[in-house]
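1. Need a 3D model of the following:
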Amino acid sequence: MMSELVTPRHLSRKAVIYIRQSSPQQVLTHQESLHLQYALRQRAGDLGWSDRDIDIIDQDLGLSGASADHRVGFKDLIARVPLGEVGLVLSYDVTRLARNCSDWYPLLDLCGYRGCLIADRDGIYDPGSPNGRLLLGLKGTISEVELHTLRGRLTAGLLSKAQRGELALLLPTGLTRDATGTVTKDPDLEVQGRIGLVFATFLECGSIAKAVRVFQARGLSLPRRTVPDEVSWRVPTADALYSILTNPAYAGAFVYGRTRTSRPPGGRCQTTAVPMAEWTIVVKDRYPAYIDWHGFERIQAMLHDNYAEYTRKTTRGAPRNGPALLQGMVWCGACGHKLQVQYKGGTRYICNALHRSQNAPVCQHLPADPIDARVIAAFFEAVAPAELEAWEQTQTARLQAAAALDRAEAQ
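-> Numbering: from 1, shown residues only. Predicted coordinates for the structure are as follows:
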């Protein structure tokens with residue numbers, strides 16, 4: 001059925017049918033929708049185009065229309081319209097072409113400038129005319145709002161389930177979920193023991209690097225789930241220990257919102273970790289725990305403190321070898337930079353931050369021994385029976401951690 005908008009000038013060019021479905025799952029399961037889109041060839045023929053002048057662009061099957069950055073087919077269409085090759089752009093509805101006004105309106109501008117018509121199942125529109133531009137603009141805006149509405153509904157349901165701690169997130173090694181959805185510890189006692197040993201060893205050593213060296217020196221491996229219900233044993237690495245120590249699931253907590261994903265214009269998605277204080281949802285005592293929540297918070301504080309932010313002066317850094325007592329805890333009274341420890345020629349605290357960065361003279365250097373002696377004396381003057389009891393508990397924990405390492409090495 002011909003339209004009064006279709007002229008010989010349009011018929012002398014190509015009719016391009018754009019076909020898209022939003023996900024691979026839709027391509028497999030929504031076969032009727034796919035059939036209706038391919039049937040638009042008949043619609044183009046009814047409007048006057050011969051079969052040889054009808055092109056189909058379907059490279060974007062399985063891709064979302066929220067952005068054009070990753071859609072090769074849509075970019076091809078945008079490139080062909082300004083060349084005057086296209087007389088009609090045909091899609092089942094405008095949501096197939098774009099769900100983002102920043103992609104939709106440039107297409108309208110190009111089609112209006114080159115005299116290219118746009119058609120969907122409802123009609124044919126001339127983007128170069130005020131009425132056609134108005135209708136197509138409304139359709140594009142409604143399409144974008146619809147996308148945000150769908151996302152909002154899905155997100156609201158997901159957050160509601162997450163607030164109850166019932167959202168089935170991927171569990172780390174050492175925790176399993178049965179057919180009823182109940183989360184339990186891995187039935188393999190060796191896996192349980194090794195996960196617990198990671199926490200005990202870190203608390204004993206005080207840093208990830210030292211804990212890794214302990215595991216490697218004793219020939220201990222770490223469990224890792226490669227496929228569901230299968231565990232393999234790998235050489236311990238700093239990244240592996242860090243992922244265990246920072247996962248709140250081991251403390252029995254369901255947490256949603258530990259990472260944030262963003263996509264810069266023209267770039268790829270970037271995922272960044274969110275500070276613990278900014279986690280969206282935290283439901284404690286949801287899983288069987290390998291460490292209590294207080295212990296988990298203590299470990300996070302230790303990890304943060306081990307990060308040597310010398311320029312920001314907010315952490316002391318990981319304890320290093322050497323007799324200096326106040327390493328990472330002393331600042332220069334003259335310039336405010338953190339003092340470093342120097343052992344050459346005797347132990348001393350030295351402020352050389354400006355010397356290294358600006359070639360300025362060293363602010364000051366102080367012998368460490370008399371300072372440390374005063375600190376030790378002040379410590380024993382202030383110590384109370386409660387502190388001594390805490391020290392005894394720490395010593396007991398150290399002995400227990402050493403015994404656990406011996407048992408793991410003997411297995």
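2. Any buried residues in the longest helix belonging to the chain, and which?
-> Assignment by DSSP state H gives helix 130-163 as the longest helix of the chain. Using 16 or more other CB atoms under 10 Å as the test for burial, helix 130-163 gives 132-133, 135-136, 139-140, 143-144, 147, 162. C-beta coordinates here come from the backbone N, C-alpha and C atoms, glycine included.
3. So which other helices or strands are in contact with it?
-> Here helix 130-163 touches helix 94-97, helix 101-114, strand 124-125, strand 254-256, strand 281-283, going by 3 or more CB pairs under 8 Å, 6 or more residues apart in numbering; DSSP states H and E.
4. at 10 Å instead, please
-> helix 94-97, helix 101-114, strand 117-119, strand 124-125, strand 254-256, strand 281-283 (3 or more CB pairs under 10 Å, 6 or more residues apart in numbering; DSSP states H and E).
5. would you turn the ones you listed into a markdown table with mean neighbour count and mean pLDDT?
-> Formatted as a markdown table, the helices and strands packed on helix 130-163 follow (neighbours: other CB atoms under 10 Å; pLDDT from 0 to 100):
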| stretch | mean neighbour count | mean pLDDT |
| --- | --- | --- |
| helix 94-97 | 23 | 82 |
| helix 101-114 | 18 | 89 |
| strand 117-119 | 23 | 92 |
| strand 124-125 | 20 | 90 |
| strand 254-256 | 20 | 91 |
| strand 281-283 | 17 | 90 |
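6. Distance to residue 75 added to the ones you listed, as a markdown table?
-> Below are these laid out as a markdown table (distance: least, CB to CB, whole Å):
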| stretch | distance to residue 75 |
| --- | --- |
| helix 94-97 | 12 |
| helix 101-114 | 10 |
| strand 117-119 | 17 |
| strand 124-125 | 22 |
| strand 254-256 | 35 |
| strand 281-283 | 39 |
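7. and of these, who's closest to residue 224?
-> Closest approach to residue 224 among those is made by strand 254-256 (20.7 Å; CB to CB).
8. Which strands border the closest one, and is each parallel or antiparallel?
-> Strand 254-256 sits in its sheet next to strand 281-283 (antiparallel), going by DSSP bridges.
9. roughly how far out does the partner strand sit from the chain middle?
-> 18 Å (CA atoms, centre = their mean, to the nearest Å).
10. For that strand, give me every contacting residue.
-> 159, 162-167, 248, 252-258, 276, 293 (CB atoms under 10 Å, 6 or more residues apart in numbering).
11. for the stretch 151-300 of the chain, which spans come out with low pLDDT?
-> 228, 263-267 (pLDDT under 70).
12. Show the residue spans covered by the strands in it.
-> Using DSSP state E, counting those that start in this stretch, the strands of the stretch 151-300 of the chain run over 175-177, 183-185, 222-227, 230-234, 254-256, 259-262, 270-273, 281-283.
13. From the rest of the structure, what touches the longest one?
-> Under the criterion CB under 10 Å, 6+ apart, residues 170-176, 186, 188, 190-195, 197-198, 212, 215, 230-237, 240-241, 243-244 lie in contact with strand 222-227.
14. Starting from that strand, tell me which strands it pairs with and how they run.
-> Here strand 222-227 has these sheet partners by DSSP bridges: strand 230-234 (antiparallel).
15. Pull the residues that contact the strand it pairs with.
-> By CB under 10 Å, 6+ apart, strand 230-234 touches 173-174, 176, 186, 188, 190-191, 194, 220-226, 240.
16. for those residues, which one is nearest residue 41?
-> For the contacts of strand 230-234, the nearest to residue 41 is residue 226 (46.7 Å; CB to CB).
17. number of nearby residues for residue 211?
-> Residue 211: 24 surrounding residues under other CB atoms under 10 Å.
18. residue contacts, it?
-> By CB under 10 Å, 6+ apart, the neighbours of residue 211 are 197-205, 236, 238, 241-242, 245.
19. Let's have these in JSON lines, adding neighbour count.
-> As requested, the contacts of residue 211 are exported to JSON lines (neighbours: other CB atoms under 10 Å):
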{"residue": "197", "neighbour count": "21"}
{"residue": "198", "neighbour count": "24"}
{"residue": "199", "neighbour count": "21"}
{"residue": "200", "neighbour count": "21"}
{"residue": "201", "neighbour count": "24"}
{"residue": "202", "neighbour count": "23"}
{"residue": "203", "neighbour count": "19"}
{"residue": "204", "neighbour count": "19"}
{"residue": "205", "neighbour count": "18"}
{"residue": "236", "neighbour count": "23"}
{"residue": "238", "neighbour count": "12"}
{"residue": "241", "neighbour count": "20"}
{"residue": "242", "neighbour count": "15"}
{"residue": "245", "neighbour count": "20"}
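20. just checking, which of these belong to helices?
-> Short answer: those in helices (DSSP H) are 197-205, 238, 241-242, 245.
21. got any ranges where the stretch 301-411 of the chain has weak pLDDT?
-> Ranges of the stretch 301-411 of the chain meeting pLDDT under 70: 307-321, 356-359, 384-388, 409-411.
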